[in-house]
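> Need a 3D model of the following:
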Amino acid sequence: MRQHADGEEVLPLAGVLARMLPQLTRRLFAGEDAVAARLPLAQLKVCGILADGPKSMTDLGQELGVSRSAMTQIADRLERTKLVKRGSVGTDRRVRCLKLTGLGQKFMRKRQATLVHRLAAVLEQLPPDIRQQTFQTLAALLNACLAVDRNASASKQAVCASPLPRAGQAAADPPAYDDACLQAATIREMISIADGRAL
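Below is the predicted model of the structure:
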């Protein structure tokens, strides 16, 4: 069984967490409106990503881990809802991007406000010290998730692109994870772990 460095068995804990996170997410988003309730998760994810600004179709597909054709279908369906529209990236008209429409921006602001108020109501049920512990634990979980992703990406790049070390030369250490992201973590980013980057 997989163990942490301190000898603690982590697979049973991971199993419990895997069951808890979807329940937590469903309950936190229980107050969403009918539009959000009808949208498939992939389309909500795209709206969440576009809330930070326009993205090219290629970048969106990579972030979602879907093929170009699947991304096109998602974009087509979202355009029919009037939440997003296609456009160009900068002055290069060949590179197509998606961006939120005015309706899409209003939808995401409302969704964010609903989540914040729901979280506030939930946090009010906890003693102040437990609130702080909860925030710190979620921030640490986010930090660990990002570190795993970073290490996986670095390993993949090393296999694909990095030259093998010469005889007598030590392999380079993977880049250290920047702890600043832990301090910069927000409730919005934390919940996106369970929500599949849907915020």
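> And the helices in the protein?
For the chain, the helices defined by DSSP state H occupy 11-28, 34-38, 41-50, 57-64, 68-80, 102-123, 128-161, 180-184, 187-195.
> Out of these, which gets nearest to residue 94?
With Cβ to Cβ as the measure, helix 57-64 is the member of these nearest residue 94 (11.7 Å). Where C-beta positions appear, they are placed from N, C-alpha and C, glycine not excepted.
> so how far is residue 45 from residue 58?
From residue 58 over to residue 45 the distance is 16 Å, taken as Cβ to Cβ, to the nearest Å.
> The two: which has the busier surroundings?
Taking other Cβ atoms under 10 Å, residue 58 and residue 45 do not tie; residue 45 has more neighbours (22 against 14).
> Out of the helices of the chain, which one sits most buried?
Comparing the helices of the chain by mean neighbour count (mean count of other Cβ atoms under 10 Å), helix 41-50 comes out on top with a mean of 21.
> For residue 77, see how far away residue 65 is.
Residue 65 is 18 Å from residue 77, by Cβ to Cβ.
> for the chain, what's the longest strand?
strand 92-100 (DSSP state E).
> Now do that one against helix 68-80, angle only.
Interaxial angle, strand 92-100 versus helix 68-80 (axes from the mean of the first three to the mean of the last three Cα atoms, to 10 degrees): 60 degrees.
> Run through the neighbouring helices and strands of strand 92-100.
If you count contacts as 3 or more Cβ pairs under 8 Å, 6 or more residues apart in numbering; DSSP states H and E, strand 92-100 packs onto helix 41-50, strand 55-56, helix 57-64, strand 84-89.
> Put together CSV for these, with mean pLDDT on each row.
Putting those into CSV (pLDDT from 0 to 100) gives the following:
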stretch, mean pLDDT
helix 41-50, 90
strand 55-56, 91
helix 57-64, 90
strand 84-89, 85
